[in-house]
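Visitor: okay, sequence plus prediction incoming.
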Amino acid sequence: MSVSKFRFESWGVSDKGCVRELNEDSYLAMPESGVWVVADGMGGHEAGELASRAIVAHCETIGMSSSLVDLQARFVDRIYKANSEIQEMSRQRNGVTIGATLVGLLMFENELVCIWSGDSRIYRLRKGRLEQLTHDHTEVQQLLDQHMISPQDAETWGRKNVITQAIGVEQTPALEKVKGQILAGDTFILCSDGLTAHLRDDDILEQAYGRRPQDAAEALVNTTIERGATDNVTVVVVQSRDVSSTVPFQTMQQV
């Protein structure tokens, strides 16, 4: 049985926002390798920026893979190396906490895997429906999962931005993953929490639906900035289509 193969168009936008002096986010888009990454750094005195850049720099060396299993193994290897580098940065700064959240989207033929640590997210937009593929590693999400607070409480929870996992903060990085299938016309949105602090799911759907990746990414970031952008904001949008298709990317999402 033949396996569907896809072409990908992607675009990334990153902005320091309206409050922060530095942009500690980094992103990577390598459609030729089937790898897209968003990393959101944390740590004072530019350390967060160094952490997110270390993740991206290691992922840039992944190269071409022979299968999704091979691609995932290469990706995890690079994250482990980035984790070690970030831990060394911490030691050189007298043990100060340095790290970065991570979301990675890996695609090979008709399969994908999302790998993440922290509260950066990956969404999938398919036939007009937006779905969050990742699950936040935050204190407030744990409380929601345990039914200790309501979604309404979570909106104003005082520690809603406290993350429970990140790259660089532990000797061995904690990673979660989910696998799935790719369909022609799928659009994937990778973002740092600077976006989701200001845009709800229906806002993201409104800004991304029916647009090609560049237009969607720019619209999402611009809307965040219009709403005050209290943090750095980074968005990478990836759209798929069958290699045999001649339909332009920007019309693939129409139902």
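Guide: Alright, I've got the coordinates.

Visitor: which residues does stretch 160-170 contact?
Guide: 39, 42, 51, 55, 79, 82-83, 86-87, 89-90, 97-102, 117-119, 137-140, 142, 154, 173-174, 176, 193 (CB atoms under 8 Å, 6 or more residues apart in numbering). The way it works is simple: take the backbone N, C-alpha and C, and place the C-beta from them, glycine included.

Visitor: nope, stretch 127-143 is what I was after
Guide: Contact partners of stretch 127-143, identified using CB under 8 Å, 6+ apart, comprise 101, 103, 114, 116-125, 149, 154, 157, 159-166, 174, 176, 178, 180, 185, 188, 201-202, 204-205, 208-209, 253, 255.

Visitor: how about 7 Å then?
Guide: If you take CB atoms under 7 Å, 6 or more residues apart in numbering as the criterion, stretch 127-143 is touched by 103, 114, 116-119, 121-124, 149, 154, 157, 159-160, 162-165, 176, 178, 201, 204-205, 209, 255.

Visitor: K81 contacts H58, correct?
Guide: Yes - using CB atoms under 7 Å, K81 is in contact with H58, at 5.1 Å.

Visitor: which one's more surrounded, the two?
Guide: Shown here are K81 and H58; by other CB atoms under 10 Å, H58 has more neighbours (21 against 16).

Visitor: what's the helix or strand for that one?
Guide: In this structure, H58 sits in helix 47-59 according to DSSP states H and E.

Visitor: check A219 too.
Guide: Taking DSSP H and E as the criterion, the element that holds A219 is helix 213-226.

Visitor: any buried residues in that helix, and which?
Guide: Along helix 213-226, these residues count as buried under the neighbour rule (16 or more other CB atoms under 10 Å): P213, Q214, A216, A217, E218, A219, L220, V221, T223, T224, I225.

Visitor: helix 47-59 and the host helix or strand of V76, what's the angle between them?
Guide: Secondary structure assignment for V76, by DSSP H and E: helix 68-92. When axes from the mean of the first three to the mean of the last three CA atoms, to 10 degrees is applied, the directions of helix 68-92 and helix 47-59 differ by 150 degrees.

Visitor: helices or strands up against helix 68-92?
Guide: In this structure, helix 68-92 makes packing contacts with helix 47-59, strand 99-108, strand 111-117, judged by 3 or more CB pairs under 7 Å, 6 or more residues apart in numbering; DSSP states H and E.

Visitor: just the ones you listed: most buried one?
Guide: Ranked by mean neighbour count, the helices and strands packed on helix 68-92 are led by strand 99-108 with a mean of 27 (mean count of other CB atoms under 10 Å).

Visitor: so which elements touch the helix or strand that contains Q152?
Guide: Applying DSSP H and E as the criterion places Q152 in helix 151-155. The elements that helix 151-155 packs onto, with contact taken as 3+ CB pairs under 7 Å, 6+ apart, are helix 139-145.

Visitor: buried sites along the helix holding V76?
Guide: Buried positions in helix 68-92, judged by neighbour count with 16+ other CB under 10 Å: 68, 71-72, 74-76, 78-79, 81-83, 85-87, 89-90.

Visitor: how about stretch 157-167?
Guide: With the criterion 16+ other CB under 10 Å, stretch 157-167 contains buried residues W157, K160, I163, T164, Q165, A166, I167.

Visitor: starting at the chain centroid, how far to the least confident helix or strand in the chain by mean pLDDT?
Guide: Of all the helices and strands that make up the chain, helix 151-155 has the lowest average by mean pLDDT, DSSP states H and E, namely a mean of 77. When C-alpha coordinates are averaged (CA atoms, centre = their mean, to the nearest Å), helix 151-155 and its chain have centres 23 Å apart.

Visitor: same question for stretch 114-128.
Guide: Centre-to-centre, stretch 114-128 and its host chain are 7 Å apart (CA atoms, centre = their mean).
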